[in-house]
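Participant: Test case, fold it:
(2 chains)
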There are 2 protein chains.
Amino acid sequence: MKIGVIGGGQLGRMLALAGTPLGMHFAFLDPAPDACAAALGEHLQADYGDLQHLRQLADEVDLVTFEFESVPAETVAFLSQFVPVYPGADALRIARDRWFEKSMFRELDIPTPAFADIQSQADLDHAVASIGLPAVLKTRTLGYDGKGQKVLRNLSDVLSAFAELGSVPCLLEGFVPFTGEVSLIAVRGRDGATCFYPLVHNNHDSGILRLSIASSDHPLQKLAEDYAARVLDKLDYVGVLAFEFFEVDGGLKANEIAPRVHNSGHWTIEGAECSQFENHLRAIAGLPLGATRKVGESAMLNFIGSVPEVSKVIAIEDCHLHHYGKAFKVGRKVGHATLRCATRDVLDRQIMALETLIDQQA
Amino acid sequence: MKIGVIGGGQLGRMLALAGTPLGMHFAFLDPAPDACAAALGEHLQADYGDLQHLRQLADEVDLVTFEFESVPAETVAFLSQFVPVYPGADALRIARDRWFEKSMFRELDIPTPAFADIQSQADLDHAVASIGLPAVLKTRTLGYDGKGQKVLRNLSDVLSAFAELGSVPCLLEGFVPFTGEVSLIAVRGRDGATCFYPLVHNNHDSGILRLSIASSDHPLQKLAEDYAARVLDKLDYVGVLAFEFFEVDGGLKANEIAPRVHNSGHWTIEGAECSQFENHLRAIAGLPLGATRKVGESAMLNFIGSVPEVSKVIAIEDCHLHHYGKAFKVGRKVGHATLRCATRDVLDRQIMALETLIDQQA
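Facilitator: Take a look at the predicted model:
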């Protein structure tokens, strides 16, 4: 089976590492000449709207999937004429746009911070009066890793905020005094079967994920699964879906979904019986889903900007390096490491050792 | 770092799957147009004695390693002029030839079956009189998976045995009434550091490995490590070395070594903290070695001739498929699966489930 992937970054790369042992082949469509997934499959170097190359991809592969959600709707629609596309156009349309996404949460009775659609500075002034401050203004589309958003703490922040984000459609979100951020990696097969990984505790810094720790018997696991199942079924979803929540007052408020394998699920490569990457491929290929239970205690730390010296990273016991083979650049995710240990005590010690290494690097 | 691999079969493929996350790149020299490792790196399609392509490989990579031990000595000598080669020429020279190998065991006081060098039918007649029957006649070089050997049970088997194996230099080995076959996967770094995986119980059929089960606290573990350490140090070895033993009278007799990653170590991909493939790469790259301890209970079953239907293989819980992407052919290793379970009871059940699937296929 040959899988076409729109995007050829580290997520595509890890999909190929998971799928090759299943006998799968890969083709990546990515405009970047140095797309790091290209080491593991065919690389169609073309823009995401290049119909000729999209058609070539569709002709070559059995099905198409995505590495990122901001794929143009036209691309999805075009491909869908020729080849199965998972997740489907509907899921991508909603996940791509914060307004559609939040509206879906509301429709499905999934708690979410107060929000308002912002098409102008007047809309923003009006929404701030209703939602209050602090609040976060985010572009409706194309935001990631803290890009395309601005925290509004007082009225002076509000004044030119809409213009600062480019005068594009935005969403204003009420600030939530959360006690933690967790994510749920969910999978749904073509036959509607679902499974869920243990909730992950996430630590962000400047909007970029730094540390994920897989939980054990999290008291909100079932609630999170219930919310995610509503979304999966609503969208007739196929593949991995990541669901980010705020922990608030002992409950959950939905932050956002990502219709793809997700950074907060990277620990599953070593830390779960079947990884999110293999399970995404199993799902879209119509194969039975794999077990999501943990193998030991796991944490994942991102390498942002650069990867510390390889010999030092792997000298930390139980440390599994994932070097993406990308050029180092400030603020760019260029690798991660997963720590898998028998006990949480040991895990905490190893996290400290790796954080020290990362700090020395910075 | 770019690694050159002589041979582009499944071992090269699994090396690349392990090394890519370490940021390594791969080039494979293999005459086969459909070398299955080529999906994961550059493929130099050339004979192993093609000096022009060997030189090209040496110029492109940081070091060279091998997927199989029957590499021509001239190839190793040629490459060594231009680029570091691990394991070194000496290890390959000895491991390639059963006479050198057995003589080294004797020199290092490692018990091994009685053996004799056979250069003619007269040598064979003479050796049979001294060693007795049953015995096994094996070509000194180029044998694998039961090829290049003949079991001699009575004198009529002896009559034309030397000619039947091609009248090439052979080794006669006394038959050993073994109670089991075990192998030890050993690793030695450039700095002389060593580590060892738990002993593996192996079941062969028609000379081909079918099933490997990783042991727990095997009573002969330390003895096997002692023997292997003698060989590693003697050869100033760098990389993974597989050591096959017969279990005889509560002790071990050395059968053979393989100077490379080995089929009986495939379970380590999921079943050990750091796999034999990653550890081989760490060793030859001069990086610190990874932990060899088990993660749960593991068994590996080979797929010979064909891979059963993927959906059925991965429907078995805890089953990890490794499809090599090779054309199916009778007697050919085309894939394997590793079962990793929490307990030995569950493991035994899953082995039976997978064996049933393999039998249905046959």
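Participant: burial of the closest residue to A:Val248 other than its chain neighbours, as a residue count?
Facilitator: Leaving aside its sequence neighbours, A:Val248 sits nearest to A:Phe178 (C-beta to C-beta, 6 or more residues apart in numbering or on different chains; 5.2 Å). Every residue, glycine included, has its C-beta placed from N, CA and C. Residues near A:Phe178, counting by other C-beta atoms under 10 Å in any protein chain shown, number 16.
Participant: For A:His280, give me its contacts.
Facilitator: A:Leu15, A:Thr65, A:Val187, A:Gly239, A:Val240, A:Arg260, A:Val261 (C-beta atoms under 8 Å, 6 or more residues apart in numbering or on different chains).
Participant: residues from chain A in reach of chain B?
Facilitator: Contact residues, chain A versus chain B (C-beta under 8 Å from any C-beta of the partner chain): A:13, A:17, A:20-23, A:25, A:39-41, A:273, A:282, A:286-288, A:290-291, A:295-296, A:307, A:310-311, A:314-315, A:317-318, A:320-323, A:325, A:335, A:340.
Participant: and which of the contacts of A:His280 is nearest to chain B?
Facilitator: Closest to chain B out of those is A:Leu15 (12.6 Å), distances taken as C-beta to the nearest C-beta.
Participant: List phi and psi for the spatially closest residue to that closest one that is not a sequence neighbour.
Facilitator: Using C-beta to C-beta, 6+ apart and skipping the chain neighbours, the partner closest in space to A:Leu15 is A:Phe277 (5.1 Å). The phi/psi pair for A:Phe277 (degrees, to the nearest 10) reads phi -70, psi -50.
Participant: Kindly report the same for A:Ser70.
Facilitator: Phi and psi for A:Ser70, reported as degrees, to the nearest 10, are phi -90, psi 30.
Participant: what's the distance between it and A:Thr338?
Facilitator: For A:Ser70, the distance to A:Thr338 equals 27 Å [C-beta to C-beta, to the nearest Å].
Participant: These two - which one has more neighbours?
Facilitator: A:Thr338 (23 against 15).
Participant: Where does pLDDT dip in chain A?
Facilitator: Along chain A, the model assigns pLDDT under 70 to residues A:144-146, A:362.
Participant: helices or strands up against whichever helix in it runs longest?
Facilitator: In chain A, with assignment by DSSP state H, the single longest helix is helix A:344-361. Counting contacts by 3 or more C-beta pairs under 8 Å, 6 or more residues apart in numbering or on different chains; DSSP states H and E, helix A:344-361 packs against strand A:208-214, strand A:297-304, helix A:310-313, strand A:333-341.
Participant: can those go into TSV with extra columns for distance to B:Gln56?
Facilitator: Formatted as TSV, the helices and strands packed on helix A:344-361 follow (distance: least, C-beta to C-beta, whole Å):
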stretch	distance to B:Gln56
strand A:208-214	42
strand A:297-304	33
helix A:310-313	26
strand A:333-341	30
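Participant: returning to what we had before: which of the residues of chain A next to chain B count as buried?
Facilitator: Neighbour counting with 16 or more other C-beta atoms under 10 Å in any protein chain shown marks A:13, A:17, A:20-23, A:25, A:39-41, A:273, A:282, A:287-288, A:290, A:295-296, A:307, A:310, A:314, A:317-318, A:320-323, A:325, A:335, A:340 as buried within the residues of chain A next to chain B.
Participant: Restricted to strands, list these.
Facilitator: Among those, DSSP state E puts A:His25, A:His320, A:Leu321, A:His322, A:His323, A:Gly335, A:Arg340 in strands.
Participant: ok, which stretches of the stretch 51-200 of chain A are helices?
Facilitator: Here the stretch 51-200 of chain A has its helices, by DSSP state H, counting those that start in this stretch, at A:51-60, A:73-80, A:89-95, A:98-107, A:121-131, A:155-158, A:161-164.
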